[in-house]
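Chemist: need a 3D model of the following:
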Amino acid sequence: MHAYKQLVNSVTHNILEQFELRVETHLGSLMSLYELISFSLLVGWANVIQLLSSEFKFSNTNTVCETGQTTHTALTSFSKRNITKMSDPPEIVPVPKPRSRYLRQLSSSERYGVLSCPDLKAVTQTASEVETDVKHEEDSPDPQDVKNNCRETLPKPDSLISSSSSYDDCPATPDSLSNDQHHSDKASFTDQVMGVQTDVCINGEIYNVPRSQDLQNNADGPNIPRAATIHVSRKKKTLSGLRQTTECVVAQSSWLDVWKGRKHNVLWATLDGHTMSLWKKRTDKFTEYVFHVTSITNIREQDQGRFSIHLQKKHFEFMAHSEDVRQRWLMSLYSTRGREPLTEPKQRGPLIMKEPRKKVYTAIRGYSFWIYSSKEDFSVGLGMMCVSMNIACVKSTGRHSFSLITPYRTFNFSADSAKETSVWLERLDEVIRSALSYSEVALRLRSSPCNKVCADCGAANPECASVNLLVVICEACAAAHRFMSSNRSKVQGLRLDDKVWTEPLIQLFVLYGNKAASSVWGPSIPPTEQIRPDVSPDQRLEFILAKYHKGLYRKAHPLASSQKLLDQRLREVAAGPDVEETLSLLCSGARVSCSASNPELQSAISVAESAGQALQTELLRHNEFVEAPDFEQTRHSEEQIEELHGKLDEERFLFSQENESAACDVLDLTEVISVFDCSVGPSHEFEVLLLTDSVICRAAERDALLSHMLHIMKIVLAGAVVEEDLLGVCAVSRASIREGAALQCAEVWCTLQDGEMSIHTKHGSTDTVTLDSQTRCHLQHSENCILLEFPDRTLHMQFELQHSCLRWHELVQKTMCSSTDGQKRSGSVPCSIDRCISHITQYGLKVDGLYRRCGVAPRISKLVDALRVSPRGTVLETDELSILDISGALKQILRQSFEIIPDTHRPLWLKAAALSDEEQRLQTYRKLLQQLPPVNRATLDALCGHLHIVQMHSQENRMTAHNLAVIFVVTLFQELAMKAAMMQLTKELIVRHTEIFMNHVETDGEIITVL
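Modeler: Numbers count the residues shown, from 1 in each chain. Below is the predicted model:
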């Protein structure tokens, strides 16, 4: 079936190329070319051409008929070889009902499915007939004349717009004839008229013939968006000081549900008056689809927020989330009529594009490089993406390959030959040079792709730079920078200020420049606030003041709250090559010259000079007399709360106003900085935080909530953990962490789960710490920081949002209260002790001399440290020597972590051990157990229960209860261990564990054992 469709599509393409005849255009929705060729298999190509010529008045049909007959023969031969034969053929051959428009030329007996068509036998043409056709074709007129005649003499027939209801089996209406039925909710008029059958008789045998493609497409009904899967309350923040960009009549942009054929997606659509572009995300730099407005052949208005755009052979269907948005799009699209078409390509042809490897068709039009999915898309004007040559450079990467480098992506292409590659390189280089006029400084700075666009508005070919902020900017943005005065931004031109451009300064811009500066001054600017090159001067100035003067978009250094630590860290970094952190420190207000306040300290410039760091010295010199930034610590914003419906789509969260309506907005999950599980009792909800948005998602069931939350967490953590490890996670946040007194910070992702905090670094490593009774948590409001103090380390966690910081502090405090000393689901036993006991019980009960033999001291110490930091994450081996190391670690932890029997309780245990009556002695033990703190009691219970199991395997490990008591009496009673009574007491705790540690309750002199 697939091969049959391929052959028919190939024939369709050839006919369209030769005759420029688009049957779908002239026949409307009645017949696709695919159906026309399939129909010819049944009634013969000659009859089809006869009907067409009488309907459309072809001036010369010889070539059409002969070419079609040859095609018909090929299809017939293919059908005989490949179409699946059916068993038990029926006596009567079912034949498709002809379309109503052709019935006028058929007899009444033929109208109702009993065709006396001798052409069915013509499917098995003899070789002589084919030879005759070929000979006749040689005498036929020039195909160019035929296609010209066809183009000039093909008026739209009246029958296409007239009703055909005179036949009972042809219930056609004008609406069904005029509307595009590709995605209709009813059967197409073609299928209603034909009553398409799939069984065909050829030479007395029945074969399966594929049904109409249109029928298959129409079976699913109208295009509707996917239903929402979760309810969303969205709190959207917008800066009150910034005005939104207003769009002109021609320009338009919004989220739209888009259908291309049967493929559905939600895309960001933009129209600039010349091209319409469809993007996966608002922040993407390259499109999914792009086409010039002059490629549009028709615009159709539909209901329910829908409209469609047709490009000769292809079309898109769109659905807006409101009627107002749809009307604005239609008005803008109609306003683009009469535009100048694209220039003829200077160079075009097929290339192989790598990553992903795909054969594409490319063309150089004006100063742009267009990439098309195929030559057919090139002919209709539908591109995949368009690369502006004034922000690109090209270089050869091999004999048959070259790369097109832009600030945002590098495209790798290969051609079929070295000669073709050379032609492409020459043409591209020529276009790039004509699009740009370089000075020497500009040429070198633009060797870094990121410097080819303005750091503020994205305009191509910026001609200025701020040497202290390390940004390359356009003339318009330079004017706004000069408004801030030179004590904040030192603006220099790339052409006129040659003396300023020293070699170290040029190297700074080439190696860092816009890329490094953008990661500090604007790493996550909201798309709605980012300005464009065509923005008004007032809006441009507001944005630049907000960005550099107020620092609303900056990524603050983790030490930004302490001027002293900032200055100290700057001097440390200046001695090394880390220019990016130096830029971050300067952005956060670190002072280059601090010797005035403390003459004994070297300035950062002196440190850099002494260390021979030329780039650091150059950057610091340009920032030496710059005023410290006057940052606003809070964003003055206006909050808008929306009740929406949401559904997940890979790395996107789609929002709609109704359950099955078009998307009104899209959230990029890669911009999420925190996720919190906020479920309480029967309420199932979680919170997602971005820098500008807050989203609370609610579900009726816990499973539905977890499926959404885990999906978002996996995207956020970018493969750092598997889904199984996320079960039970209640918080995920991005933070900066530094340890102890060190000033070096690392950006990490932190997760909170079951009393443990896991720290995931960008290098893929994971560190896990236990939050227990020995952990101290301090909140530092001014720094959005949490200080976690452990017995052996101190962590400073700084969050990007105050809300994230407060939520983490609340959850950590809650975890510490509910999990004393690392208590887990297995009880209140410290996790490290529980892990060792469980591992030895599983793998070490048969080890000879268990707990008596010593392991290797260095390995034991290392194991103890690892278990304290990450009890669950520590890898424990199962061989005999490793078991001995683990048993040694357990004993060391029990001695060093805390006293199982507190010092004040030991005299009472000594008196109880001296009692002669066994029953009274055991009962006293139970009372003393109840007086122990819960953690101590649970730990003693777990230890004695474990030792009870060990002594039961004494025939294999030779560790009797007496031997174990000798070893552990010191651990339990320390200075009283030398007394014989205490030895006997320890032995009884092991041997009679079940009797002593069962929960006994004394009531009115009776002891009730609670099982």
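Chemist: show me the strands in the stretch 401-550 of the chain, by range?
Modeler: Assigned by DSSP state E, counting those that start in this stretch, the strands in the stretch 401-550 of the chain fall at 401-405, 410-414, 464-466, 471-473, 491-493.
Chemist: the stretch 751-900 of the chain now?
Modeler: Under DSSP E, counting those that start in this stretch, the stretch 751-900 of the chain gives strands at 756-761, 766-770, 776-780, 785-789, 794-799, 823-824, 827-830.
Chemist: quick one, which of the ones you listed gets closest to Arg482.
Modeler: With CB to CB as the measure, strand 794-799 is the member of the strands of the stretch 751-900 of the chain nearest Arg482 (34.4 Å). Backbone N, C-alpha and C define where each C-beta goes, glycine included.
Chemist: show me how far that closest one is from its chain's centre.
Modeler: Here strand 794-799 is found 28 Å from its chain centre; the criterion is CA atoms, centre = their mean, to the nearest Å.
Chemist: what pairs with it, parallel or antiparallel?
Modeler: The pairing partners recorded for strand 794-799 under DSSP bridges are strand 729-739 (antiparallel), strand 785-789 (antiparallel).
Chemist: that one vs strand 756-761, what angle?
Modeler: 70 degrees (axes from the mean of the first three to the mean of the last three CA atoms, to 10 degrees).
Chemist: any buried residues in strand 794-799, and which?
Modeler: For strand 794-799, the neighbour count (16 or more other CB atoms under 10 Å) marks 795-799 as buried.
Chemist: from the residues you listed, pick the one nearest Gln602.
Modeler: His796 (26.0 Å).
Chemist: identify the residue nearest the closest one in space, chain neighbours excluded?
Modeler: Arg738 (4.9 Å; CB to CB, 6 or more residues apart in numbering).
Chemist: sorry, back to before: lowest average confidence across the strands of the stretch 751-900 of the chain, which one?
Modeler: Looking over the strands of the stretch 751-900 of the chain, mean pLDDT reaches its minimum on strand 823-824, with a mean of 40.
Chemist: now do stretch 941-953: distance to the chain's middle.
Modeler: Its chain's average C-alpha position is 51 Å from that of stretch 941-953, according to CA atoms, centre = their mean.
Chemist: ugh, wrong one, I meant stretch 453-473
Modeler: 29 Å.
Chemist: next: stretch 518-536.
Modeler: That offset, for stretch 518-536, works out to 21 Å (CA atoms, centre = their mean).
Chemist: contact partners of that stretch?
Modeler: 238-239, 242, 244-245, 282-283, 450, 454-459, 469, 471, 474, 476, 539-540, 543, 546-548, 551, 553-555, 580, 583-584, 587, 671, 691-692 (CB atoms under 8 Å, 6 or more residues apart in numbering).
Chemist: including distance to Ser916, could the strands of the stretch 751-900 of the chain go into a markdown table?
Modeler: Putting the strands of the stretch 751-900 of the chain into a markdown table (distance: least, CB to CB, whole Å) gives the following:
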| stretch | distance to Ser916 |
| --- | --- |
| strand 756-761 | 48 |
| strand 766-770 | 44 |
| strand 776-780 | 47 |
| strand 785-789 | 49 |
| strand 794-799 | 53 |
| strand 823-824 | 38 |
| strand 827-830 | 33 |
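Chemist: which of the ones you listed sits closest to His622?
Modeler: Nearest of the strands of the stretch 751-900 of the chain (CB to CB): strand 794-799, 28.1 Å.
Chemist: got the contact list for the closest one?
Modeler: With CB under 8 Å, 6+ apart, strand 794-799 has contacts from 558, 674, 733-740, 745, 750, 769, 783-788, 805, 808.
Chemist: coming back round to it: mind checking which of the contacts of stretch 518-536 are buried?
Modeler: With burial judged by 16+ other CB under 10 Å, the buried subset of those is 238-239, 242, 245, 282, 450, 454-459, 469, 471, 474, 476, 539-540, 543, 546-548, 551, 553-555, 580, 583-584, 587, 671, 691-692.
Chemist: helices - which of those land there?
Modeler: Secondary structure from DSSP state H places 476, 539-540, 543, 580, 583-584, 587 of the buried ones among the contacts of stretch 518-536 in helices.
Chemist: out of those, who's nearest Phe653?
Modeler: Phe543 (26.6 Å).
Chemist: pLDDT at that closest one, what is it?
Modeler: The model's pLDDT for Phe543 equals 93.
Chemist: next: His182.
Modeler: 38.
Chemist: residue nearest the centroid of this structure?
Modeler: Nearest residue to the geometric centre of the chain (CA atoms, centre = their mean): Glu651, 3.1 Å.
Chemist: would you check how far apart Arg409 and Thr766 are?
Modeler: Counting by CB to CB, to the nearest Å, the separation of Arg409 from Thr766 is 31 Å.
Chemist: is it true that Lys235 touches Leu689?
Modeler: No. The criterion here is CB atoms under 8 Å, and Lys235 misses it with Leu689 at 9.7 Å.
Chemist: for these two, indicate the residue with more neighbours.
Modeler: Just comparing Lys235 and Leu689: by other CB atoms under 10 Å the higher neighbour count belongs to Leu689, 22 against 15.
Chemist: hey, what's the more buried one bridged with?
Modeler: Beta-bridge partners, per DSSP bridges, of Leu689: Ser674, Ser694.
Chemist: what of the one 10 residues further on?
Modeler: When assigned by DSSP bridges, Ala699 has beta-bridge partners His684.
Chemist: now do the contacts for it.
Modeler: 230-231, 684-685, 705, 708.
Chemist: what residues does stretch 704-713 touch?
Modeler: With CB under 8 Å, 6+ apart, stretch 704-713 has contacts from 229-230, 648, 653, 669, 672, 675, 677, 679, 684-686, 688, 697-699, 723, 726-727, 729, 732.
Chemist: check the residues you listed for burial and list the buried ones.
Modeler: In the contacts of stretch 704-713, burial by neighbour count holds for 229-230, 648, 653, 669, 672, 675, 677, 679, 684-686, 688, 697-699, 726, 729, 732, counting by 16+ other CB under 10 Å.
Chemist: isn't the residue nearest to the centre of the chain up against Ala718?
Modeler: No. Judged on CB under 8 Å, Glu651 makes no contact with Ala718 at a distance of 10.1 Å.
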